[in-house]
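S.K.: with the sequence up front, the predicted model follows.
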Amino acid sequence: MNSTTRFKLSFMMFLEFFIWGGWFVTLGTFLDKNLSASGPEIGSVFSTQSWGAIIAPFIIGLIADRYFNAEKILGILHIAGAILMYQMYRATDISVFYPYVFVYMVLYMPTLALVNSVSFNQMGDPEKEFSNIRIWGTIGWILAGVLISYFFHWDSQEATANGALKNTFLMSAVASLSLGIFSFLLPKTPPKNKSTEKIKVSEILGLDALKLLKDKNFLIFFISSILICIPLAFYYQNANLFLSKIGMDNPTGKMTIGQVSEVLFLLAIPVFFKKFGFKKTILVGMLAWTVRYLLFAFGNAGELSFMLLLGIALHGICYDFFFVSGQIYTNSKAGDKFKSSAQGLITLATYGVGMLIGFIVAGQITEMYKVNGIEDWKMIWSIPAGIAFVVFLLFSLLFNDKTKTESN
């Protein structure tokens, strides 16, 4: 790969995740402070991510893989996204905001697969080259949080009270428009399958891999993957709102510690996976969710702020040790025939079904433990901690895969 192509792909990844991190992290706080949204309404807005994940395979499978170059679709989706993001910036009521965010997420989620497709198409050895490109996405997400907290100060107590967080949508709209235009300069990535054969919906959604569920251990892993997404949704939906409401300074910037942690633990996975195997690795990930939420439940923005920062730093273990390890396990169990279908099925189960359920539950729980507009954060965080621990116990007792694949 030449230096020009490397730069283009790196910049593409940087903007792709700068856009997402530029508004999604502070979304819960924005909805609460700017639009006076209730817990269920906030949950409903966050669930648009899940609907986007469910619909995304159809856009990729029916359009990108058959008719148009990936980089051109990427450009069109991001230009349209910029327009929708600007409308979200202008919205003053949740009923006006929701349709825009719903359509936006349906258009944005497919771009996550498209940037990967454009990247892989230029690589001779993706296993070695991709991580060096993908890391720029994490840097983009981190920079967005740093700008919000330490440069613009949009998430400070005073600025939040004055509605400054709506500017995150304007910033992301500019970034989205930039990536939309830049996408047309990316290396050409023609459709993979121009054949006129009918595409099966089961192939698009990865349903062909349902045969893997006949394996008892894979079925337990599959169900656990859906269930663990319920506590995961609490973090995405409530973490920034929680840190902001209890008075932590620069909450968005400090949440980027989670992304730094994610990069570090991603490097540790191969070693941990090889030494301890799949089951122990994924159990550590599950237990980390419980520990994280207990730290949130009993920490505060004063003398116990270290508990909150430690909870944020656990993001690398929480995410990498469960989701990345799960992808490795799925790949090893699927075999060549079902590799793509199996990964699609797990993505649909987690980011689609699991997160959809999770955001609904998180919204209801948050509203349930709110009195006179004040949240009982100890209870709100203790419940997902309990859910994660139950999943941990069930998986540790029921999963018993002793095959060689767990150490591959």
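M.R.: Received it, and whenever you're ready, just let me know what you need.
S.K.: centre of the chain to stretch 223-239, how far?
M.R.: Centroid separation between stretch 223-239 and its chain, computed with CA atoms, centre = their mean, to the nearest Å, is 11 Å.
S.K.: equivalent analysis for stretch 95-115, please.
M.R.: Here stretch 95-115 is found 13 Å from its chain centre; the criterion is CA atoms, centre = their mean.
S.K.: what lies in contact with it?
M.R.: The contact list for stretch 95-115 (CB atoms under 8 Å, 6 or more residues apart in numbering) reads 12-13, 16, 19-20, 31, 35, 44-45, 48-49, 51-53, 55-56, 59-60, 64, 70-71, 73-74, 77-78, 80-81, 84-85, 87-88, 91, 137. The C-beta positions use only the backbone N, C-alpha and C, and glycine is treated the same way.
S.K.: got the residue ranges for the strands in this structure?
M.R.: Secondary structure of the chain (DSSP state E): strands located at 370-371, 374-375.
S.K.: point out the most buried one among those strands.
M.R.: Of the strands of the chain, the one with the most neighbours on average (mean count of other CB atoms under 10 Å) is strand 374-375, at a mean of 14.
S.K.: so what are the sheet partners of that strand and their directions?
M.R.: Strand 374-375 pairs in its sheet with strand 370-371 (antiparallel), by DSSP bridges.
S.K.: and for stretch 182-193, what's in contact with it?
M.R.: 5, 8-9, 11-12, 15, 64-72, 74-75, 78, 117-118, 121-122.
S.K.: now, the residues you listed that are in helices?
M.R.: 5, 8-9, 11-12, 15, 70-72, 74-75, 78, 117-118 (DSSP state H).
S.K.: which of those residues sit farthest apart?
M.R.: The span of those, defined through CB to CB, is set by 5 and 78 at 19.5 Å.
S.K.: show me which of these two is the more surrounded one.
M.R.: The neighbour count for residue 5 versus residue 78, taken as other CB atoms under 10 Å, is higher for residue 78 (26 against 15).
S.K.: how about the more buried one, what does it touch?
M.R.: Contacts of residue 78 by CB under 8 Å, 6+ apart are 19, 111, 176-177, 179-180, 183.
S.K.: any of those buried? List them.
M.R.: Neighbour counting with 16 or more other CB atoms under 10 Å marks 19, 111, 176-177, 179-180, 183 as buried within these.
S.K.: list the contacts for residue 263?
M.R.: The contact partners of residue 263, taken as CB under 8 Å, 6+ apart, are 135, 138, 316.
S.K.: kindly recompute the last result at 10 Å.
M.R.: 131, 134-135, 138-139, 142, 316, 320 (CB atoms under 10 Å, 6 or more residues apart in numbering).
S.K.: can you show me the helices along the stretch 1-150 of the chain?
M.R.: Applying DSSP state H, counting those that start in this stretch to the stretch 1-150 of the chain gives helices spanning 3-21, 27-33, 39-46, 48-59, 70-90, 94-120, 126-146.
S.K.: for ChimeraX, write a command that selects the buried ones of the contacts of residue 263.
M.R.: In ChimeraX syntax, the buried subset of those is picked out as below (16+ other CB under 10 Å):
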select :134,138,139,142,316,320
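S.K.: what would the contacts of residue 263 look like in JSON lines with pLDDT and distance to residue 235?
M.R.: JSON lines is the format used below for the contacts of residue 263 (pLDDT from 0 to 100; distance: CB to CB, whole Å):
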{"residue": "131", "pLDDT": "78", "distance to residue 235": "24"}
{"residue": "134", "pLDDT": "86", "distance to residue 235": "22"}
{"residue": "135", "pLDDT": "87", "distance to residue 235": "22"}
{"residue": "138", "pLDDT": "90", "distance to residue 235": "17"}
{"residue": "139", "pLDDT": "92", "distance to residue 235": "21"}
{"residue": "142", "pLDDT": "94", "distance to residue 235": "17"}
{"residue": "316", "pLDDT": "89", "distance to residue 235": "13"}
{"residue": "320", "pLDDT": "86", "distance to residue 235": "14"}
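S.K.: redo the contacts of residue 263 as JSON lines? Include distance to residue 226.
M.R.: Output for the contacts of residue 263, formatted as JSON lines (distance: CB to CB, whole Å):
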{"residue": "131", "distance to residue 226": "28"}
{"residue": "134", "distance to residue 226": "25"}
{"residue": "135", "distance to residue 226": "29"}
{"residue": "138", "distance to residue 226": "26"}
{"residue": "139", "distance to residue 226": "31"}
{"residue": "142", "distance to residue 226": "29"}
{"residue": "316", "distance to residue 226": "22"}
{"residue": "320", "distance to residue 226": "19"}
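S.K.: which residue is nearest the centroid of the protein?
M.R.: By CA atoms, centre = their mean, the chain has its centre lying nearest to residue 351, at 7.6 Å.
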